[in-house]
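Student: give me a 3D structure for the following:
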Amino acid sequence: MFDVTAFSPNDVYVIVNSMWQLQFPMVPPANNPSDSSASGRIASILARPFRTNPLKRTKSVSKMEKSLAEANQQY
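Tutor: Sure thing, here's the model as predicted:
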């Protein structure tokens, strides 16, 4: 163990902060090959519209529309 009183509060902050950054880096290593594909996936998700497919319809709604269309054709 070491004497904590030998350090100023600023020294303690610098030591703890540097240890934290070593343990949990904010920027991942540059040699990670999945970085480019992950950023590409995020860009493609943000580029496309939220609803690319129309909403799915239930059978009852489709059946009702079909019967209405048939009724309109008879008149």
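Student: helix or strand next in line after the worst-scoring helix or strand of the chain on mean pLDDT, which one?
Tutor: Taking mean pLDDT, DSSP states H and E as the measure, the helix or strand of the chain with the lowest value is helix 34-47, at a mean of 73. Downstream of helix 34-47, the next assigned helix or strand under DSSP states H and E is helix 59-74.
Student: could you give the number of residues near residue 7?
Tutor: Using other C-beta atoms under 10 Å, the number of residues around residue 7 comes to 13. C-betas here are computed from N, CA, C, even on glycine.
Student: and if you look at residue 42?
Tutor: Neighbour tally, residue 42, other C-beta under 10 Å: 10.
Student: any idea how far it lies from residue 24?
Tutor: 21 Å (C-beta to C-beta, to the nearest Å).
Student: cool, and residue 67?
Tutor: 62 Å.
Student: residue ranges with poor pLDDT in the chain?
Tutor: With pLDDT under 70 as the threshold, the chain has low-confidence stretches at 1-4, 25-36, 49-55, 75.
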